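1. Mind looking at a prediction? Sequence and model below.
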Amino acid sequence: MRISYKFVTILALLVVSASAIQCKSDKKTEVSEEVPAVEASTSSENSVFGKLEDGTEIDQFTLKNNDGMEVSIITYGGRITTLKAPDKNGNYEDVVIGFDSLSQYTKSNPYFGALIGRYGNRIANGEFKLDNETYKLPKNNGANSLHGGELGFDKVVWTAEEMPAEDHSTSLKLTYTSKDMEEGYPGNLKTTVIYTLTDDNALEVAYEATTDKKTVVNLTQHSYFNLSGDFNEPILDHEVMINADEFLPVDETLIPTGELRKVAGTPFDFREPKTVGQEINADNDQIKKGGGYDHCWVLNDPDAGERLAATAYDPKSGRFLEVYTDEPGIQFYTGNFLDGSLPQKGENGTYAKRTGFCLETQHYPDSPNQEEFPTTILNPGETYNSTTTFKFLVK
Ligand code: GLA
């Protein structure tokens, strides 16, 4: 394993050398007053996570902030493998589902921690039209195409570049160019995703893409959270709020019908926080179709830029997650397809049904086929930009 500490700021070196000198002379406190240690401790480190069968090395980068929070990301699928956040007593625990080894990630798994592209969520019948040209996509979810096809952005190797550390944040830049007609999508799509961890425990995910042919794009992040820090605990006691007056009802194959339905009076009303479990088994047609929650909510204030989209709170640990985005929608998925067949990290058992939830910020599913939905078309000369921030607090 190679470990290199890069981009620890000069201030960090100053703190280390200054405190070493001070330890000898036993005057540590004076130095901490002189050197603002708070500005020095964001850092990143990398190591080899594993090798693909063709020998390609997959690296893991760990961003660390001054508060003690850590996020590890691998170049395979740009996946978040661990995210350690404090509970109300200051205990740091991993709050995202994932695996210990690369071989588990490359086997079939439901997009654990992954970047999703080119098109997050479903496209009906695996096809769409642009300027009268029909594009056929891999049908990897019944009749539909899900999350970019067979070899979506979750399964490609991203190029990683550690960015110079800022005073209160540290970032990892990932890039990937998806070739013209890759997985059926037109245009060479140059994609950049920057993960930034800040000292106030926010993980920002900033997406950018450009194309040389008219295409469609809808990028998202597919982390499964369990704020309890215990993956044997179902997420049903988490209290969730979604800032949406409407959601998108779906057909049997989870394609939106085109209707924007009011959440009022339905199990989909999360305008005030309520537990995930409260109505997840309600006798409701949409709940049945999703096998629980697996729907896109129409976020309020679509033109407000990055605004609060959702929150999740685990009363036992006190962990409180805020999700901000500039996207018009959010897919709230309650891990209904987890079935106990995949191993937890640390050999603790398996991931059972509803032991993780996803808050996937995005444009609406099937937008390329639904003209009433906000467009996902990207033209040459335009830049796709989107930002989502996951902020970890305690209550
Ligand atoms: C998304 C989908 C779900 C499911 C998961 C992965 O959240 O909406 O239906 O496919 O990904 O299992």
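-> Happy to help now that I have it.
2. neighbouring contacts of the host helix or strand of residue 288?
-> Residue 288 belongs to helix 285-290 when assigned by DSSP states H and E. Outside helix 285-290, the residues within contact range by C-beta atoms under 8 Å, 6 or more residues apart in numbering are 249-252, 254, 266-268, 279-281, 293, 295, 336. Yep, even glycine has a C-beta here, placed from its N, CA and C like the rest.
3. Within reach of the ligand, which of the residues you listed are there?
-> Residues of those in contact with the ligand (C-beta under 6 Å from any ligand atom): residue 254.
4. now the contacts of helix 285-290 in TSV, with secondary structure, distance to residue 68 and neighbour count?
-> TSV is the format used below for the contacts of helix 285-290 (DSSP: H, G, I helix; E, B strand; the rest coil; distance: C-beta to C-beta, whole Å; neighbours: other C-beta atoms under 10 Å):
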residue	secondary structure	distance to residue 68	neighbour count
249	coil	43	19
250	strand	41	20
251	coil	46	11
252	coil	46	8
254	coil	39	23
266	coil	40	15
267	coil	37	18
268	coil	36	26
279	coil	36	18
280	coil	33	20
281	coil	38	12
293	coil	32	26
295	strand	35	24
336	coil	33	15
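5. Using PDB, write out every CA atom in the helix holding residue 288.
-> Output in PDB follows, covering the C-alpha atoms of helix 285-290 (Å, rounded to 0.1, in the frame of the first residue of the first chain):
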ATOM      1  CA  ASP A 285     -51.200   2.100  -5.000                       C
ATOM      2  CA  GLN A 286     -48.000   4.200  -5.400                       C
ATOM      3  CA  ILE A 287     -46.400   2.700  -2.300                       C
ATOM      4  CA  LYS A 288     -47.200  -0.700  -3.700                       C
ATOM      5  CA  LYS A 289     -45.700   0.100  -7.100                       C
ATOM      6  CA  GLY A 290     -42.500   1.300  -5.500                       C
END
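6. hmm, that helix in reach of the ligand?
-> No: using C-beta under 6 Å from any ligand atom, we find that helix 285-290 stays clear of the ligand, coming within 7.6 Å at best.
7. Can you give me the buried ones in that helix?
-> Residues 286-287, 289-290 are the ones in helix 285-290 that count as buried (16 or more other C-beta atoms under 10 Å).
8. Need the max-distance pair from those residues.
-> Greatest spatial distance among these (C-beta to C-beta): 287 and 289, at 7.4 Å.
9. Is residue 244 bridged to anything, and to what?
-> Assessed by DSSP bridges, residue 244 has beta-bridge partners residue 299.
10. Confirm for me that it is in contact with residue 331.
-> No: counting by C-beta atoms under 8 Å, residue 244 stays clear of residue 331, with 11.5 Å between them.
11. Need the residues touching each of the two.
-> residue 297.
12. quick one: which of the contacts of helix 285-290 is nearest to residue 184?
-> Taking C-beta to C-beta as the measure, residue 184 sits nearest to residue 254 out of the contacts of helix 285-290, at 19.7 Å.
13. what about stretch 215-234, how long is it end to end?
-> Using C-alpha to C-alpha, to the nearest Å, one end of stretch 215-234 lies 39 Å from the other.
14. Show me what counts as buried in that stretch.
-> Buried residues in stretch 215-234 (16+ other C-beta under 10 Å): 215-231, 233-234.
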